[in-house]
Structure formats: C-alpha cells, structure tokens
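Kindly return the folded structure for what I paste below:
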Amino acid sequence: MHGRDATEEYGEEVVKLCRRVSKVLSKGLGLDGGRLQAAFGGEGGEGACMRVNFYPRCPQPELTLGVAAHSDPGGMTMLLVDDHVRGLQVRKDGQWITVDPVPDAFIVNVGDQIQVLSNAAYKSVEHRVTVSAAEERLSLAFFYNPRSDVPVAPMAELVAPGRPALYPEMTFDEYRAHIRQRGLSGKAQLQSLQNANNSVAS
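Numbers count the residues shown, from 1 in each chain. Below is the predicted model:
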C-alpha cells in the first residue's frame, strides 16, 4: 500500500471512530445518539484534517515548549503519540499533569465546539506539549470539526430557565477568525465569548 493510500484509509477509519465517540457523548448528555453529529453538519458534512507533529530533541527543554497552552478550537482531536515518549500535559485544577502514553490507544481531547454545543457540560481540554533533551517525539493529531459554515451554539435541549446559553452562535470559520486575532492563550478565547454572552443576557 502506498503512503497516500494508507493515509486516506487511516483518515477514513478515524472519522468512523470520531462518529462513534460523538454518539457516546450525545447519549451522555441525555440526547439522541446522532444529535452531536447532526450539529456538526451530519454524516459526511463534518470537517476533518490531520497534522503530523515532530518535536526534535532540545538541549535546554526547560526554556521552551513544543506547543504553548491552548484548547483545540474544533470538535474533538484523536491523538496518536509515541508510546514511549512523554510530552503531552493537561491542566487540571490549576496544575499541569503529564499524560502517560498507552500503547495502541488514542488520546481523545474534547475541543471548544463540543464545549459550546454542550453548553459547557463537557469542557474542552487545555493542554500543552513539552520537549525532551534526550528523545525526539512524533504525534498524529486528527481533528474532527463541525462543517465550517454551520452555525454552532448551545443545543436547545440543554438551555432552560436558570440554565441560559453560555455562548453566542457563530460558525466554526468565525470562531477560528476570533482565535487568530488573539493567538494561543490557554482557554481565554472561549472564556471571552462566555463573558460577552453573559453581558448580553444580563
């Protein structure tokens, strides 16, 4: 099998996996299994792309990061990493926790669009990547996103009196433009939308 064919087959299989995970997430919200995928644009309407990340050895790793702290702007990320090199860290309760790779397993990161659609029932994962003085690191990040022009807002079933919509409606394209203006800054981009929406509501 040629590299291009293998890449295409990998992408098709990971999209199927993302659809399965989105069904589980939908049911976890008490909704129909296809609800999140429908909000992404329906089967075949979602967006997907893959990025290969290579982190070379760094003689002074304490002076830099491979990737600065951020949450993924899209729906979810399927991350396949070297099973013997640590580097991914997630923020929990204000502390950075290093994720131990599990052989033959994906790391699934919830992204900002699922936080918006779930009205913050699911939180996107703030994470960063450290580098190593001793080892190179390779990862495959597969991003599963809403279609770029589909309006995304908290799903109506999750909004009620006493539980207002925390985020304004915007397309994924509009959200990416919002992020480009601000740069990587933890979860500040999403927080700014929540603050703005609370101001409008009050």
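
Low-confidence regions, the protein specifically.
For the chain, applying pLDDT under 70 flags the ranges 1-2, 55, 57, 59-67, 182-189, 195-196, 198-202.

Contacts only, for the residue most central in space within the chain.
Central residue of the chain (C-alpha atoms, centre = their mean): G111, 2.7 Å from the mean position. By C-beta atoms under 8 Å, 6 or more residues apart in numbering, G111 lies in contact with S71, D72, P73, G74, G75, M76, T77, S124, V125, F143, N145. For every residue, glycine as well, the C-beta is placed using N, CA and C.

Please tabulate these in CSV, including the columns neighbour count.
Shown next, in CSV, are the contacts of G111 (neighbours: other C-beta atoms under 10 Å):
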residue, neighbour count
S71, 24
D72, 22
P73, 20
G74, 24
G75, 32
M76, 25
T77, 24
S124, 25
V125, 23
F143, 21
N145, 26
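
Which one of those is nearest to P103?
For these, the closest approach to P103 (C-beta to C-beta) belongs to T77, at 19.2 Å.

need the contact list for the closest one.
Counting by C-beta under 8 Å, 6+ apart, T77 makes contact with V108, N109, G111, A141, F142, F143, Y144.

Apply the buried test to the residues you listed and list what passes.
Burial by neighbour count, judged by 16 or more other C-beta atoms under 10 Å, picks out N109, G111, A141, F142, F143, Y144 from the contacts of T77.

want to try CSV for the residues you listed, with distance to H178 as columns?
Converted to CSV, these look like this (distance: C-beta to C-beta, whole Å):
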residue, distance to H178
N109, 19
G111, 14
A141, 21
F142, 23
F143, 17
Y144, 20
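
Quickly note the distance from R91 to I107.
15 Å (C-beta to C-beta, to the nearest Å).

now do E157
Counting by C-beta to C-beta, the gap from E157 to I107 is 29 Å.

Equivalent analysis for T171, please.
T171 is 27 Å from I107, where distance means C-beta to C-beta.

ok, those two, which is more surrounded?
Neighbour totals were compared for T171 and I107, and I107 leads with 18 against 15 (other C-beta atoms under 10 Å).

ok, then the element right after the lengthiest helix in the chain?
For the chain, the longest helix by residue count, based on DSSP state H, is helix 3-28. For helix 3-28, the succeeding helix or strand toward the C-terminus, using DSSP states H and E, is helix 35-39.

Tell me the secondary structure of the spatially closest residue to Q194 that is not a sequence neighbour, please.
Once flanking residues are discounted, Q194 sits nearest to L166: 5.0 Å by C-beta to C-beta, 6 or more residues apart in numbering. Here L166 takes the coil state, with states given by DSSP: H, G, I helix; E, B strand; the rest coil.

Show me what L88 bridges to in the sheet.
Applying DSSP bridges to L88 gives these bridge partners: V129.
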